[in-house]
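In: everything below, folded, please.
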Amino acid sequence: MPTLPYTLIKTDAQYYKYCNILEALVDSNKKTKAIQDEIELLELLIETYDNLHNTFDDLDPIELIKYLMQEHNMKAVDLATLLNVSEGLVSDMLKYKKGLSKETIRILSEKFKISQEALNKPYTLKPTPLIKIRTIKKRPAARKIARAL
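Out: Numbers count the residues shown, from 1 in each chain. Presented below is the predicted three-dimensional model:
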């Protein structure tokens, strides 16, 4: 009897191995029917393992994104490229200054193979400081001219 190429994931090492294989398949230019089936199978195995072993309930969406970035060796610039936004916007999101858009949640959910609900939980944004407007004082000469008119 032939050996199956994939089995249920039982260890973290096997999980990461399957994630790497899946990433390579998704990034490849050849998308035959057999490769599509292999991608679907790996996604199912990885999702099943995630559902059983990873609980992100205690993380707010930003902490979760930071964790996932660390796990995937991503930097803010990589996240900006993935989301097709500026590095400044990513910086503001990671510093709790800007919220996550629906599109951002969809892209991250798809990339990291997690539910959108994990990223769509409420969290507190930091208030943006008000900009102080400097008042311009009239110079004495300007007052004299104004009085003369």
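
In: can you list the low-confidence ranges for this structure?
Out: Along the chain, the parts satisfying pLDDT under 70 run over 1-2, 54-57, 130-149.

In: all helices for it, in order.
Out: In the chain, helices defined by DSSP state H lie at 12-27, 33-53, 61-71, 76-83, 87-94, 102-112, 116-119, 140-148, listed in chain order.

In: what about the closest residue to residue 99 other than its chain neighbours, neighbour count?
Out: Ranked by CB to CB, 6 or more residues apart in numbering and with sequence neighbours excluded, the top spatial neighbour of residue 99 is residue 125, at 6.1 Å. Using the backbone N, CA and C atoms, a C-beta is placed for each residue, glycine as well. As a burial measure, the neighbour count of residue 125 was computed by other CB atoms under 10 Å and equals 13.

In: buried sites along stretch 30-38?
Out: The neighbour-count criterion (16 or more other CB atoms under 10 Å) identifies residue 38 as the buried residues of stretch 30-38.

In: ok, now stretch 99-117?
Out: Buried positions in stretch 99-117, judged by neighbour count with 16+ other CB under 10 Å: 100, 104-105, 107-109, 111-112, 114.

In: so can I have JSON lines of those residues showing distance to residue 27?
Out: JSON lines is the format used below for the buried residues of stretch 99-117 (distance: CB to CB, whole Å):
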{"residue": "100", "distance to residue 27": "25"}
{"residue": "104", "distance to residue 27": "21"}
{"residue": "105", "distance to residue 27": "23"}
{"residue": "107", "distance to residue 27": "16"}
{"residue": "108", "distance to residue 27": "18"}
{"residue": "109", "distance to residue 27": "19"}
{"residue": "111", "distance to residue 27": "12"}
{"residue": "112", "distance to residue 27": "15"}
{"residue": "114", "distance to residue 27": "19"}
